[in-house]
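Novice: from the sequence below, what's the structure:
(one chain, ligands or ions: 1)
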Amino acid sequence: MTHIITHVAAALLTLAAANPPAAAPPKVITTTEDLASLVREVGGDKVTVDSLAKGYQDPHFVEPKPSFILKLHDADLLVAIGRELEIGWLPPLLTQSRNAKIQPGNPGYLDASAGARILELPTGQITRAMGDVHPQGNPHYWLDPDNGRTIAKAIAAALGQIAPADRAYFEQRYADFDRRLAEAQKRWAAAMAPYKGTKVVTYHRSWPNFTDRFGLDVIGYVEPKPGIPPSPAHTVDLMSEMKRQQVKVILVEPYFDLKTPEAIARDVGGRVLVLSPSVGGVKTATDYIALFDYNINLLTSTFKQVLGR
Ligand SMILES: [Zn+2]
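Specialist: The predicted model follows:
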């Protein structure tokens with residue numbers, strides 16, 4: 001018996017030497033579903049990926065869970081939006097994860113905003129009176145598809161560093177995503193072209209990159225200041241400004257209360273549109289490209305009805 005076992009063990013050893021076990025796929029954790037979608041595009045089946053925030057949650061205010069610490073502890077790569085979007089919840093989790101690899105400054109931490117086009121970079125001094133102004137610019141930059149491309153490219157480079165054997169695979173996946181995104185961008189630009197310059201109101205400052213890219217003009221916000229809930233005085237001002245400029249459409253993120261936007265819409269004879277700022281914010285926004293498909297379909301069909309063209 002011992003003899004047989006020795007033989008089996010020896011055979012297994014030979015087998016292991018001939019076929020060294022493939023390294024486990026890198027574990028990627030992202031702060032948002034948009035980043036997870038881009039990791040999936042580039043990483044394919046050579047990585048595992050999980051997002052901490054869900055697409056229907058306000059990414060500024062995510063309730064930290066103990067399970068987040070375990071996920072971060074095991075991660076090989078953390079991809080974050082940065083620009084202080086996650087400042088309210090991520091830093092303590094990172095400390096508690098006791099994972100040196102993914103701490104900011106190390107190769108396992110990717111700040112997705114590094115090469116992106118960032119809007120609303122504040123000039124001058126920032127005070128609490130200005131609301132939740134992000135000193136490093138508007139953190140909702142992923143809502144410009146060109147920035148999505150930049151993020152995907154940075155993810156491909158980061159994955160190539162962590163798993164160099166699969167570098168060519170990640171590069172090929174990125175090239176394929178780049179091609180599909182470029183095709184989709186042509187479609188979106190054509191759909192939005194008739195509505196260039198259309199004035200809208202948004203709830204939070206989530207959309208500057210989106211509206212800039214697709215030619216919409218944001219004339220005001222339901223929030224009096226970023227991160228500050230609607231106030232009666234500001235709502236009255238906003239309604240009269242919307243009437244003066246004949247603005248009919250209010251864009252709202254899925255995690256805000258619709259009461260004030262709907263009251264405003266009734267007053268000005270307009271419409272509230274719940275757009276999804278993130279993958280997973282609505283059921284059909286299943287990936288990064290589907291997110292824009294959903295938002296642009298909803299916008300163009302509403303503009304058609306409201307503007308009659
Ligand atoms: Zn914000």
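Novice: show me where pLDDT drops low in the chain?
Specialist: For the chain, the stretches flagged by pLDDT under 70 are 1-22.
Novice: quick one: F214 from W207, how far?
Specialist: Using CB to CB, to the nearest Å, F214 is found at 9 Å from W207. C-beta coordinates here come from the backbone N, C-alpha and C atoms, glycine included.
Novice: actually S37, not the one I typed
Specialist: 19 Å.
Novice: how far does stretch 30-47 sit from the chain's center?
Specialist: Distance, stretch centre to chain centre, for stretch 30-47: 11 Å (CA atoms, centre = their mean, to the nearest Å).
Novice: tell me the contacts of R83?
Specialist: Each residue near R83 by CB atoms under 8 Å, 6 or more residues apart in numbering is listed here: S113, I118, H134, Q136, G137, N138, P139, Y141.
Novice: stretch 191-202: which residues count as buried?
Specialist: Residues of stretch 191-202 classed as buried by neighbour count (16 or more other CB atoms under 10 Å): A191, M192, Y195, T198, V200, V201, T202.
Novice: closest to R266 out of the contacts of R83?
Specialist: N138 (29.6 Å; CB to CB).
Novice: excluding chain neighbours, what is closest to the closest one?
Specialist: Using CB to CB, 6 or more residues apart in numbering and skipping residues adjacent in sequence, the residue nearest N138 is E120, 4.0 Å away.
Novice: touching, that neighbour and S206? I think so.
Specialist: No: using CB atoms under 8 Å as the test, E120 is too far from S206 to be in contact (11.4 Å).
Novice: who has more neighbours out of these two?
Specialist: Just comparing E120 and S206: by other CB atoms under 10 Å the higher neighbour count belongs to S206, 25 against 17.
Novice: in a strand, the more buried one, correct?
Specialist: No: checked against DSSP: H, G, I helix; E, B strand; the rest coil, S206 lies outside a strand; its state is coil.
Novice: thought it was touching W142?
Specialist: No: taking CB under 8 Å as the definition, S206 is not a contact partner of W142, at 10.3 Å.
Novice: the strands in the protein, which residues?
Specialist: Assigned by DSSP state E, the strands in the chain fall at 27-30, 48-51, 77-80, 109-111, 199-202, 217-221, 249-252, 271-274.
Novice: dump the ones you listed to CSV, plus distance to V306.
Specialist: Below are these laid out as CSV (distance: least, CB to CB, whole Å):
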stretch, distance to V306
strand 27-30, 36
strand 48-51, 34
strand 77-80, 37
strand 109-111, 39
strand 199-202, 10
strand 217-221, 15
strand 249-252, 6
strand 271-274, 6
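Novice: G124: which of these is closest?
Specialist: Comparing the strands of the chain under CB to CB, the one sitting nearest is strand 217-221, at 20.0 Å.
Novice: flag every buried residue along that closest one.
Specialist: Residues of strand 217-221 classed as buried under the neighbour-count rule (16+ other CB under 10 Å) are V218, G220, Y221.
Novice: equivalent analysis for stretch 101-120, please.
Specialist: In stretch 101-120, counting by 16+ other CB under 10 Å, buried: I102, G108, Y109, L110, D111, A112, S113, A116, I118, E120.
Novice: and for D166, the neighbour number?
Specialist: 20.
Novice: contacting residues around it?
Specialist: The contact partners of D166, by CB under 8 Å, 6+ apart, come to K46, L159, G160.
Novice: check contacts around the last one.
Specialist: Taking CB under 8 Å, 6+ apart, we find G160 in contact with D166, R167, F170, E171.
Novice: ok, 6 Å please
Specialist: Applying CB atoms under 6 Å, 6 or more residues apart in numbering, we find G160 in contact with R167, F170.
Novice: separation between it and A182?
Specialist: Here G160 is placed at a distance of 22 Å from A182 (CB to CB).
Novice: isn't T48 right up against K27?
Specialist: Yes: assessed by CB atoms under 6 Å, T48 is found in contact with K27 at 5.3 Å.
Novice: what segments of the stretch 1-150 of the chain are helices?
Specialist: 2-18, 33-43, 66-74, 90-96, 145-162 (DSSP state H, counting those that start in this stretch).
Novice: tell me what the fourth one is packed against?
Specialist: Which is helix 90-96. Secondary-structure packing of helix 90-96 (3 or more CB pairs under 6 Å, 6 or more residues apart in numbering; DSSP states H and E): helix 66-74.
Novice: which residues touch the helix it packs on?
Specialist: With CB under 6 Å, 6+ apart as the test, helix 66-74 has contacts from K27, I29, L52, L93, Q96, S97, N99.
Novice: OK, contacts around the third one?
Specialist: In this case it means L52. The contact partners of L52, by CB under 6 Å, 6+ apart, come to T31, F68.
Novice: also the first one?
Specialist: The neighbourhood of K27, defined by CB under 6 Å, 6+ apart, consists of T48, D74, A75, D76.
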